[in-house]
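Q: Can you look at this prediction? I've put the sequence above it.
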Amino acid sequence: MNENIKSLYQEIESFSPENKSDLEKFKIHYLGKKGKVTMLFGEMRNIPAESRKDFGQEVNRLKNKAQEIIDSYTEKFENEISTDGEYNDLTRPTSYAHIGGLHPLTIVTQKIYDIFKKIGFTVSEGPEIEDDWHNFSALNFPEEHPARDMQDTFFIKTNPDIALRTHTSSIQVRVMESQEPPIRTICAGRVFRNETITARAHCIFHQVEGLFIDKDVSFADLKQTLLYFAQELFGEQTKIRLRPSYFPFTEPSAEMDISCDICNGKGCNLCKYTGWVEILGCGMVDPQVLELCGIDSKIYSGYAFGMGIERMTQQIFKTKDIRMFFENDIRFLSQFNSLNSL
Ligand code: DAH
């Protein structure tokens, strides 16, 4: 080996810098533009052709050794506070990681679950692709009911018995068919209707459904449970009002309004100057439905209710356009990131 290269190699190998500036000097001394190793590369063309290859390899070895030393000390100095006045700022924020959060609809669904879990309700689930029996027939929908119409329901062309569920009431049927009373359950999920998408309506939305079946369940139980629910979700001052309504699967049926929490019942834009906001549908489970689901209506009675989660969420967060829940726009969704629960 060329003597000059040999001694340079030893020099490089035995180098041990005290700090970053030593290391910087070393780098310039050997690998800088006019550095010792760099200059050797320049000498290549003066080397006789037959030994040029060996020479080249040796100089490369030198360069690699120098680089190895630079890399290992750079890492060492990065990881420790050095003594020459320079220091690594250990409090410096690291690169920003985007931490996601729960979707507002999920936050509200979980809150509703929590409210009902406190009074002994369990959570149930059911499929989004349903058959006619669970979505309509067992719930007492007559053959000619408009909800079965192609305008409202997404049917499967090749099998009219299969549809995307239009409401979560289908889960009620599944629970009643498979469980013995007493039943006290709550379930939520996506539902589908063939609607034109606007700021107020969407072809996909979410519902929460509640069902309570036992001996001697009365309308008073329903009303008190709904009052408890409304006050837990919207605040103690909330009042409820039940208006007579119609659903094929409940008798009697009602729609529930809550007092508008924007104007405290005085009347405003949000409640259309009525002081009340419609929140859910409910009623006593029709004895015919109990029988269709295999429950003896002479022994048992029960109530049910169902509500749109988008409607609840809009009421709580005062968002105006239902489409925002489905657009996945981070600028909208990230506003709820810090919440994760209500
Ligand atoms: N399924 C009804 C709908 O989608 C909502 C509903 C009303 C559910 C009354 C119920 C109920 O359980 O008792 O409009």
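A: That came through fine.
Q: and the gap between the residue in the chain sticking out farthest from the centre and residue 141?
A: Distance from the C-alpha centroid of the chain, by C-alpha atoms, centre = their mean, peaks at residue 48 (70.5 Å). Residue 48 sits 99 Å away from residue 141, going by C-beta to C-beta, to the nearest Å. Yep, even glycine has a C-beta here, placed from its N, CA and C like the rest.
Q: need the longest helix for this structure.
A: helix 49-79 (DSSP state H).
Q: Follow the chain on from it and name the next helix or strand.
A: helix 104-117 (DSSP states H and E).
Q: can you tell me if that following helix touches the ligand.
A: No - if you take C-beta under 6 Å from any ligand atom as the test, helix 104-117 misses the ligand, and the best it gets is 13.3 Å.
Q: All the helices of the stretch 101-250 of the chain, in order from the start?
A: Ranges of helices in the stretch 101-250 of the chain, per DSSP state H, counting those that start in this stretch, are 104-117, 132-135, 169-178, 219-234.
Q: now what about the first one, what contacts it?
A: It refers to helix 104-117. The list of residues contacting helix 104-117 from outside it, by C-beta atoms under 8 Å, 6 or more residues apart in numbering, reads 102, 123, 186, 188, 206, 208, 210, 228-229, 232-233, 309-310, 312-313, 316-317, 319, 325, 333, 336, 339-342.
Q: cool, the longest one as well?
A: Counting contacts by C-beta under 8 Å, 6+ apart, the residues outside helix 219-234 that touch it are 111-112, 115-116, 119, 210, 212, 237-238, 240, 242, 252, 256, 258, 261, 279-280, 282-284, 303, 305, 312, 315-316.
Q: Generate the PyMOL command that creates a selection of the buried members of the residues you listed.
A: Under the burial definition 16 or more other C-beta atoms under 10 Å, those of the contacts of helix 219-234 that qualify are selected in PyMOL by:
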select buried, resi 111+112+115+116+210+212+238+240+242+256+258+261+279+280+282+283+284+303+305+312+315+316
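Q: Among the contacts of helix 219-234, name the ones in strands.
A: 210, 212, 240, 242, 252, 256, 258, 279-280, 282-284, 303, 305 (DSSP state E).
Q: residues touching residue 325, list them.
A: Taking C-beta under 8 Å, 6+ apart as the test, what residue 325 contacts is 103, 104, 105, 202, 310, 313, 319.
Q: Out of those, which one has the lowest pLDDT?
A: The lowest pLDDT within those belongs to residue 319, with 89.
Q: Surely it and residue 313 touch.
A: Yes - taking C-beta atoms under 8 Å as the definition, residue 319 is a contact partner of residue 313 at 7.0 Å.
Q: Can you pull the residues of the stretch 201-342 of the chain lying near the ligand?
A: 209, 247, 250, 281, 282, 283, 304, 305, 306.
Q: please redo it, this time with the cut-off set to 5 Å
A: Within the stretch 201-342 of the chain, the positions adjacent to the ligand are 247, 250, 281, 282, 283, 304, 306 by C-beta under 5 Å from any ligand atom.
Q: which residues touch the closest residue to residue 201 other than its chain neighbours?
A: Nearest residue to residue 201 in three dimensions, chain neighbours excluded: residue 195, at 4.8 Å (C-beta to C-beta, 6 or more residues apart in numbering). Counting by C-beta under 8 Å, 6+ apart, residue 195 touches 152, 201, 202, 203.
Q: farthest pair in the residues you listed?
A: Largest separation among the contacts of residue 195 by C-beta to C-beta: 152 and 202, giving 13.5 Å.
Q: Compare the two (neighbour count), which wins?
A: Taking other C-beta atoms under 10 Å, residue 152 and residue 202 do not tie; residue 202 has more neighbours (19 against 15).
Q: Isn't that one up against residue 323?
A: Yes - with contacts counted by C-beta under 8 Å, residue 202 reaches residue 323, the gap being 6.6 Å.
Q: Residue 156 and residue 300, how far apart?
A: Residue 156 is 34 Å from residue 300, by C-beta to C-beta.
Q: Number of residues surrounding residue 10?
A: 10.
Q: tell me the SS of it?
A: helix (DSSP: H, G, I helix; E, B strand; the rest coil).
Q: Kindly provide the distance from it to residue 65.
A: 10 Å.
Q: which residues are in contact with both of the two?
A: What both residue 10 and residue 65 touch, as defined by C-beta under 8 Å, 6+ apart, is an empty set.
Q: just to revisit the earlier point, ok, so of the contacts of residue 195, who is nearest the ligand?
A: Taking C-beta to the nearest ligand atom as the measure, the ligand lies nearest residue 152 of the contacts of residue 195, at 10.6 Å.
Q: Residue 145 is in contact with that closest one, correct?
A: No - assessed by C-beta under 8 Å, residue 152 is found out of contact with residue 145, at 9.6 Å.
Q: residues in contact with the nearest residue to residue 252 once chain neighbours are set aside?
A: With C-beta to C-beta, 6+ apart as the criterion, residue 252 has its nearest non-adjacent residue at 5.8 Å, and that residue is residue 283. Residues counted as contacts of residue 283 (C-beta under 8 Å, 6+ apart) are 222, 245, 247, 249, 250, 251, 252, 253, 254, 303, 304, 305.
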